[in-house]
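**Q** what follows is a predicted protein model with its sequence.
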Amino acid sequence: MALQISATNPEHPALLLELPWHLPLEEWPQEHLVPLPRGISRHVVRYARAGSEVVAVKELAQRPALREYELLRDLDRLGIPAVDALGVVTGRTDEEGGPLESVLITRHLGGSMPYRSMFETTMRPATMHRLMDALAVLLVRLHLAGFAWGDCSLSNTLFRRDAGAYAAYLVDAETGELHPRLSDGQRDYDLDLARVNISGELLDLEASGALHPSVDAIEFGTEICARYHGLWRELTRTSVYPAGKYHYIERRIRRLNDLGFDVAEMQIEHSSNGDTVTFVPKVVDAGHHQRQLLRLTGLDTEENQARRLLNDLESWMATQDDYAPGDPLAARPEVLAHRWVREVFRPTVRAVPLGLRGAMDPAELYHQLLEHRWYLSERAQHDIGLGTAVKDYVENILPRAREPLETPASE
C-alpha cells in the first residue's frame, strides 16, 4: 500500500512529506523533533516541526487513527475546545518494506501544558481547584454537544492559562462517540470514569512526591462530579416564575452569560391558569464573552481573558469624548473598540520584549499587565498608569517568571 496523507489544509501535505515516515516514531532523529513537555499516552507521541508549524504526531492503528481524525474535525465544527486535526498518514513502510503504524497529526496547542508538567513543582490546592473547574466546563460542553468522551482524564487534557483560571482542551478523542443527544446514563458513565481516572492520576503523583500534602486524591477525584453537576443543573434546569415577572427570565439569562454561556434558543410556557411561567433554555452555547470580544475587536481569546479585556475596553470607552451610549451621532462601539486595539492593546503588548513573553499569548500577557497595574496602584494608593505597570513588570516580574516553552503567538 502506498503512503497516503489526508490533510485538512492544501499546504500541509507538501510540508508533511519532509518528515521521515519510513522510520518508527521512536526512532525519529532529533533534527525533526521539538522538545516540548508531553503527557502520558498509551501510544508513542512526538512533537515535530513541519514548516513553520509545530505538530503532535501520534502512532496508532489505521482504523482508530482515521476515526479520531474525523471526530476531532467534528468537534472543531461544533466549536468544542480540542486540538486541531491536521491530517492522517497511512500506508507507512520501513526501508525494507515492512508495515508501520499509521499516524494522526494534530497542531500543537500554543501555550498549553499537560498536567504532569504543571506538577513538576508542587501545585497549590487552589490551583488544582481551578483545574477541576476547567475540566468540568469542558466535560459539560462535550455533553451538551452530544459527545461521549469515554476516557475523561487529566492525561487526555491540555490546560492553558485563562486570566487567572485555566481553559481545558480535549487531546485524545480515540474512545469518543458523537450522538444527537446523550442519555443520563451516558453522561453518568463519562463522569464516573473521570472520577476514577483523576483519583488514580493524583494517587500516582502522590506516590512520586509531587502532590501537595494537604490534597486528598480521592476527594479531588470526587470534586469533578460536584462541579459538573452544579454547572449542568444551572445550564439545563427548568425555572418556574410568577406570571409578569419577566425580569426573572432576563436575570437567569444574565447568570448564564456570566458563566460564559449563551442561550441560543429558549422555551417559555404559561400555565393553564396563567399564574406561572415556565422557562427552559433549550440550546446553550459556550463562549459568550469570546464571541462578544471577537465581534467588537477581532481578538480571538479564551473566555475569561475575553471577559477581562471587555471590562478594560468598557472602562477605556467611558473616558472617550465621542462615547455616548444611545446617541446616534456618537461613535459606534465597534469603531471605539478597534481604536482601543490600535491605541491601547497592541502598543501595551508590544512594549514587552518578545524574548521575555515565554509561552504567554497576547491576551494572557495583557491580563497579567492589568493585574500588575492593579497591584501597584493598590500599593501606591493611586492609579499608576499602564505604562508604569508595563515598565515595572518587564524589569521586576518577567525575568524571574519566564516560561521559555516556545515562540509566542504574534499579536
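**A** Cool, the structure landed. The shown structure was predicted, so the numbers you read here are calculated from the model rather than taken from an experiment. Numbers count the residues shown, from 1 in each chain.
**Q** tell me the pLDDT of L78.
**A** On pLDDT, L78 comes in at 88.
**Q** spatially nearest residue to it (excluding sequence neighbours)?
**A** Once flanking residues are discounted, L78 sits nearest to A145: 4.8 Å by Cβ to Cβ, 6 or more residues apart in numbering. (C-beta placed from N, C-alpha, C; glycine too.)
**Q** okay, and for the stretch 201-350 of the chain, where does confidence drop off?
**A** Residues of the stretch 201-350 of the chain that meet the criterion pLDDT under 70 lie in 264-265, 274, 282-284, 323-331.
**Q** contacts only, for the residue nearest to L78.
**A** By Cβ atoms under 8 Å, 6 or more residues apart in numbering, the residues touching A145 are 75, 78, 80, 178.
**Q** which one of the residues you listed is nearest to D275?
**A** Using Cβ to Cβ, L78 comes nearest to D275 of these, at 39.1 Å.
**Q** how far away is the closest one from L66?
**A** Computed with Cβ to Cβ, to the nearest Å, the distance linking L78 and L66 is 19 Å.
**Q** now do the helices in the stretch 1-150 of the chain.
**A** Secondary structure of the stretch 1-150 of the chain (DSSP state H, counting those that start in this stretch): helices at 12-16, 62-77, 115-118, 125-144.
**Q** hmm, H22 and V89 touching each other?
**A** No: shown here, V89 and H22 do not form a contact pair, counting by Cβ atoms under 8 Å, at 11.2 Å.
**Q** neighbour count for those two, which is higher?
**A** Counted by other Cβ atoms under 10 Å, V89 and H22 do not tie: V89 has more neighbours, with 25 against 14.
**Q** just the pLDDT at the more buried one, thanks.
**A** At V89, the pLDDT value in this model is 91.
**Q** next up, identify which helix or strand the most centrally placed residue in the chain is on.
**A** Most central in the chain under Cα atoms, centre = their mean is A167, positioned 3.8 Å from the mean C-alpha point. Using DSSP states H and E, A167 sits within strand 165-170.
**Q** tell me the angle of that strand relative to helix 62-77?
**A** 140 degrees (axes from the mean of the first three to the mean of the last three Cα atoms, to 10 degrees).
**Q** next, the angle helix 125-144 makes with strand 165-170.
**A** Angle, strand 165-170 to helix 125-144, by the same axes, to 10 degrees: 40 degrees.
**Q** let's have the contacts of A145 in a markdown table, adding neighbour count.
**A** Listed next are those as a markdown table, based on neighbours: other Cβ atoms under 10 Å:
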| residue | neighbour count |
| --- | --- |
| L75 | 24 |
| L78 | 16 |
| I80 | 19 |
| L178 | 16 |
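**Q** and which of these is nearest L293?
**A** Nearest to L293, judged by Cβ to Cβ, of the contacts of A145 is I80 at 19.1 Å.
**Q** ok, Y393 - contacts?
**A** Contacts for Y393 were tallied using Cβ under 8 Å, 6+ apart; they are 352, 368-369, 372.
**Q** out of those residues, list just those in helices.
**A** Using DSSP state H, 368-369, 372 are the members of these that sit in helices.
**Q** helices or strands up against the strand holding A167?
**A** helix 125-144, strand 157-162, helix 303-317 (3 or more Cβ pairs under 8 Å, 6 or more residues apart in numbering; DSSP states H and E).
**Q** let's see that with 6 Å instead.
**A** Judged by 3 or more Cβ pairs under 6 Å, 6 or more residues apart in numbering; DSSP states H and E, the packing partners of strand 165-170 are helix 125-144, strand 157-162.
**Q** how close does R195 get to T157?
**A** Counting by Cβ to Cβ, the gap from R195 to T157 is 14 Å.
**Q** looking at the two, which one has more neighbours?
**A** Ranked by neighbour count (other Cβ under 10 Å), R195 and T157 place T157 first, with 27 against 19.
**Q** so the residue nearest to that one when sequence neighbours are not counted bridges to which residues?
**A** Leaving out its chain neighbours, the residue that sits closest to T157 by Cβ to Cβ, 6+ apart is A168, at 5.1 Å. For A168, the beta-bridge partners are F159 (DSSP bridges).
**Q** my guess is A168 contacts L135. True?
**A** Yes: judged on Cβ atoms under 6 Å, A168 makes contact with L135 at a distance of 5.0 Å.
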